[in-house]
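>>> Any chance you can model this:
(chains A and B, ligands or ions: 2)
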Amino acid sequence: MSAVIEEHHHDGHHHGPDKGIMRWVFTTNHKDIGTLYLWFSFLMFLTGGVLALGIRTELFQPGLQIIQPEIFNQLTTMHGLIMVFGAVMPAFVGLANWLIPMMIGAPDMALPRMNNYSFWILPFAFGMLLSTFFMEGGAPNYGWTFYAPLSTDYAPPSVTFFIFAVHMMGISSIMGSINVVVTILNMRAPGMTLMKMPLFVWTWFITAYLLIAVMPVLAGVVTMMLMDIHFGTAFFNAGGGGDPVLFQHVFWFFGHPEVYIMILPAFGVVSAIIPTFARKRLFGYDSMVYATASIAFLSFIVWAHHMFTVGIPLAGELYFMYATMLIAVPTGVKVFNWVATMWQGAMTFETPMLFAIAFVILFTIGGLSGLMLAIVPADFQYHDTYFVVAHFHYVLVPGSVFSIMAAVYYWIPKWTGNMYDETLGKTHFWLSFIGVNVTFFPQHFIGLAGMPRRIPDYALQFADWNMVSSCGAFLFGFSQLLFLFIVIKCIRGGKKATDQVWEGAHGLEWTIPSPAPYHTFTTPPTSMKEAHG
Amino acid sequence: MNRVMQMWQAGLSLLLCSNVALADWSALNMRQGVTEISQRVYDLHMLIFYICCAIGVLVFGVMIISMLMHRKSLGVTPATFHEDTRVEVAWTVIPIIILLVMAVPATSTLRDMYESSDSDLDIEVRGYQWKWQYTYLNEDPAEEIQFMSALKTPRNEIQNLEAKGEHYLLDVDNPLVIPINKRVRFLVTSQDTIHSFWVPDFAVKRDAIPGFIHESWAVVEEPGVYRGQCAELCGKDHGFMPIVVHAVEQADYDLWIAEKQAEAKEVFNTVGKTWSKDELMVKGEEVYLQHCAACHQPNGQGIPPAFPSLVGQGIAVGPMSGHIDILLNGQAGTAMQAFGQQLNPAEIAAVITYERNAWGNDMNDMVQPKEINTMMASE
Ligand code: HEM
Ligand SMILES: [Cu+2]
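Ligands and ions are numbered 1, 2, ... in the order given. I've put the predicted structure just below:
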């Protein structure tokens, strides 16, 4: 066996990538696949963004202007689906691909061919999903939460394609997460014990388990829909002995862990960046690991907090309220840890740090509104209003999305060998920061004042702040073109990055050259001193 | 946080300086409402809001101080401390205590909202795509009041062809009327997709789920007009199915209810009661001759091809549902009109029964005016 490898080694193939498009189609290299994921996710981010700007244009003023209600519902639905499954999740998988092997001193992911396959399913899944816009009856219009029976008996015919697309995304995610788990369990360099792994690896490890646990539940719920629509079952139809609320229970059993799937890796990113730029060790590594694990555990037992108004009995409401409130404790531990890490550090504020600090502040705002939403009597007033929209956009946009941007700025010198343009990076940060707050902060007020979500037109008292929100959305949206420009500019050239890149950075990825060679750690590193901060 | 807030506030008030409404912050908060429960929900909301603000000020305050003081450019050397059990225990235990402080009033308010003592008035609220149906449940079916309540805002206002009225999108043709100081129970359900019955001033939000009935209640303390909206995505016109409730003094309510009950009784005597087949046949022949015979001929043979025969072929001997559908909605592109708008449910039920059982047609079935009535209501 080893003789074969030797021989292959002499071909020269082993050293660099293939040329041309086939490099990307057949690649089994974790860095190439990471790059594919990240570009794909950015493309989806822009696509979902265009849909969002369509929504905000219609909501700029009361009255129906450019988008009729049936199209409006397609826009909100597809925006949500694309951002969740197409932008945020693949971006984190891309980061996992690039970083996990480099962080644990492994030469690649454990299952490289499956890795290729997990990625290449996605363009087809989203191609199919997007093609529904051109089908008779239009694209999915039942919300990203696709509650039955709106998504079954009352759905446009394209729902079948939607179901198939969701299955494909699910397969992709499950394979991707199995790969992460196997890699982390088997490919760590000698001496890289679990409690020495960087937090990004830890958070992804736990996220991967969440994914493996809940993606099959999502597959189950869409399959039940498929059966109801085409094969005469009545899972979600009371007329046939089923129950529409059953749909919501199954969906949210997937859905709530899903929201943590989108935030745990972000915690990992921020836990890497803040110590670097504070030049100080992370305050409590162990407690961060335990907090992540408890959040993941709790995320399985709080799902009905999305369903407080469906008529759950008192005891159930109380249980889900207390369980949800409990999540605030480990979440608080995380936030306090980051703040304590900053405290008495020697901070500098390069772009990744700016995004990371904004993450901590704005994510916390989202967490606090989450806490308010957990209080059932108050949630009766908040539920399905813009207050909820504000809440989850705070945790997802300046939360997950900012962390992804922070990660790109932080690691791109390692990926490309070039520094990005710091001035442009900071400009991008400030535009995004202002844009995001102008867009979503007023939505708290509009929601409290009583504006329901998912409506194409609204009463006059909501007009002012909707206009503000729309302005912010355009600012935020167009700022992302600057991001694209910065990334392309950095790939094409710029100040050469050192291997260390950041003065205060710790971790194995900073011990290899910049740009990271096509193959790294073909022989495992020996010293784990640098493993984490 | 403060820096953030001030920044965008300053920028935006410039942008909107012409706008007076901006000064009115109370319009940007949850409504206190007009029931004891809604007031308690509001108080609870403010309590948790202030707690969250306090936490925010504390956490962001520490961050801002740190960002100002602990920067490399000031020449500081980073501290090396990490992991301190006392601190870690504190920031786990203190939040738990704060959560308990929030949980206590939340629990008691919730228990009271779920309290199910006897009600003075039961109203079934049924969501339809895209309007509401209200039924004042009554032991005597003859006195049961039932009506649909739909958006009244003119299409032209929505399409921006006319100036928008004060209650743009929040106005209905037939509002729900309830007495004040009475315990009104809403039994919420749906005919099609899931809707949600939400009146912010009552702190009532209940999902309307097809096939299930869930209840909620309110004791309104002040007369007035209270407006809400459907709160669960229910299809195309989800944004266009408002709820309007008139809460009135008992005396006014009694007047209103008496008038409505008289109307209901009259309708019941024609539509509501169960007709025998013979009654339907007699009435049906009368209606047929008056409205149908001109085309389909008194003997049902019609004048093909323009006016098809009804004897032994076509809809009159096909499935009942198809027959009803054509009568109610007509047949596009032919002379067959939509009679749903012209005839009352009793007439429609009678003529359908007649057509299926006259001239040798022997379907041996019938349809009740009641059934037609519900079908018409749901269209
Ligand atoms: C302290 C932590 C959090 C708490 C207590 C919390 C609580 C809640 C509650 C109670 C709701 C339901 C509101 C309603 O529909 O009435 C909700 C909605 C939501 N939350 Fe959170 N949340 C927290 C953090 C997060 C995080 C970290 C994310 C994602 C990154 C997230 C994403 C969402 C989303 C997407 C929804 C809305 C789903 C929908 O209806 O479309 N939340 N949250
Ligand atoms: Cu949740």
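>>> Count the neighbours of B:Val248 for me.
19 (other Cβ atoms under 10 Å in any protein chain shown). All C-beta spots, glycine's among them, are computed from the backbone N, C-alpha and C.
>>> my bad, should have said B:Thr107
Around B:Thr107 there are 18 other residues, counting by other Cβ under 10 Å.
>>> what's the burial count for the spatially closest residue to it that is not a sequence neighbour?
Nearest in space to B:Thr107, with sequence neighbours left out and distances taken as Cβ to Cβ, 6 or more residues apart in numbering or on different chains, is A:Leu318 at 6.3 Å. Neighbour count for A:Leu318, taken as other Cβ under 10 Å: 18.
>>> Contact partners for A:Leu318?
A:Leu318 sits next to A:Val376, B:Thr107, B:Leu110 when contact means Cβ atoms under 8 Å, 6 or more residues apart in numbering or on different chains.
>>> Do you know the pLDDT at the nearest residue to B:Leu170 once chain neighbours are set aside?
Nearest residue to B:Leu170 in three dimensions, chain neighbours excluded: B:Arg227, at 4.4 Å (Cβ to Cβ, 6+ apart). B:Arg227 carries a pLDDT value of 96.
>>> go on, B:Ser116?
80.
>>> who touches stretch B:187-196?
Applying Cβ under 8 Å, 6+ apart, the contact partners of stretch B:187-196 are A:147, A:149-150, A:154, A:244, A:309, A:384, B:122-129, B:133, B:137, B:197, B:205-216, B:230-232, B:234-235, B:241, B:378.
>>> So is it next to ligand 1?
No: judged by Cβ under 6 Å from any ligand atom, stretch B:187-196 and ligand 1 are separated, with a smallest distance of 10.9 Å.
>>> So which of the contacts of A:Leu318 sit within helices?
Judged by DSSP state H, the contacts of A:Leu318 include A:Val376, B:Thr107, B:Leu110 as members of helices.
>>> so the last one makes contact with A:Val376?
It stands for B:Leu110. Yes: the pair B:Leu110 / A:Val376 is scored as a contact, 5.2 Å apart, by Cβ atoms under 8 Å.
>>> what about the two, which has more around it?
Comparing B:Leu110 with A:Val376 by other Cβ under 10 Å, the one with more neighbours is A:Val376, at 27 against 23.
>>> if we can go back for a sec, pull up the overlap in contacts between B:Leu110 and A:Val376.
With Cβ under 8 Å, 6+ apart, B:Leu110 and A:Val376 have common neighbours A:Glu317, A:Leu318, A:Met321.
>>> any idea how far the host helix or strand of the first one is from the chain center?
Taking DSSP states H and E as the criterion, A:Glu317 maps to helix A:314-342. In terms of Cα atoms, centre = their mean, to the nearest Å, the centre of helix A:314-342 is found 20 Å from the chain centre.
>>> Buried residues, it. List them.
A:317-318, A:320-342 (16 or more other Cβ atoms under 10 Å in any protein chain shown).
>>> right, and the helix or strand after that helix?
Past helix A:314-342, the next helix or strand by DSSP H and E is helix A:351-374.
>>> who does that following helix touch, helix- and strand-wise?
Judged by 3 or more Cβ pairs under 8 Å, 6 or more residues apart in numbering or on different chains; DSSP states H and E, helix A:351-374 is in contact with helix A:264-278, helix A:314-342, helix A:376-382, helix A:386-395, helix A:402-416, helix A:422-448, helix B:36-69.
>>> Could you report the pLDDT at the nearest residue to A:Gly472 once chain neighbours are set aside?
Spatially, and ignoring its direct neighbours in sequence, A:Gly472 is nearest to A:Val438 (2.9 Å; Cβ to Cβ, 6+ apart). The score at A:Val438 is 97. That number is its pLDDT.
>>> again, but for B:Leu28
Model confidence at B:Leu28 (pLDDT) stands at 85.
>>> Now it, what are its backbone angles?
phi -110, psi 10 (degrees, to the nearest 10).
>>> now do A:Asn466
Torsion angles, degrees, to the nearest 10, at A:Asn466: phi -70, psi -40.
>>> Show the pLDDT at the spatially closest residue to it that is not a sequence neighbour.
The shortest distance from A:Asn466 to any non-neighbouring residue, by Cβ to Cβ, 6+ apart, is to A:Leu59 (5.1 Å). Listed pLDDT for A:Leu59 reads 96.
>>> Tell me which of the helices and strands packed on helix A:351-374 sits most buried.
Comparing the helices and strands packed on helix A:351-374 by mean neighbour count (mean count of other Cβ atoms under 10 Å in any protein chain shown), helix A:264-278 ranks first with a mean of 28.
>>> Could you report the neighbour count for B:Ala332?
B:Ala332 has 7 nearby residues by other Cβ under 10 Å.
>>> make that B:Gln133, sorry
B:Gln133 has 21 neighbours, counted by other Cβ under 10 Å.
>>> B:Trp359 too?
Using other Cβ under 10 Å, B:Trp359 is surrounded by 17 other residues.
>>> give me every residue that touches residue 257.
Using chain A here. Counted by Cβ under 8 Å, 6+ apart, A:Pro257 has contacts A:Leu210, A:Ala213, A:Val214, A:Ala296, A:Ser299, A:Phe300.
>>> looking at chain B here, not the other one
B:Tyr136, B:Ile145, B:Val177.
>>> Quick one: the residues you listed as TSV, columns for pLDDT too.
Compiled in TSV, the contacts of B:Ile257 are given as follows (pLDDT from 0 to 100):
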residue	pLDDT
B:Tyr136	93
B:Ile145	89
B:Val177	96
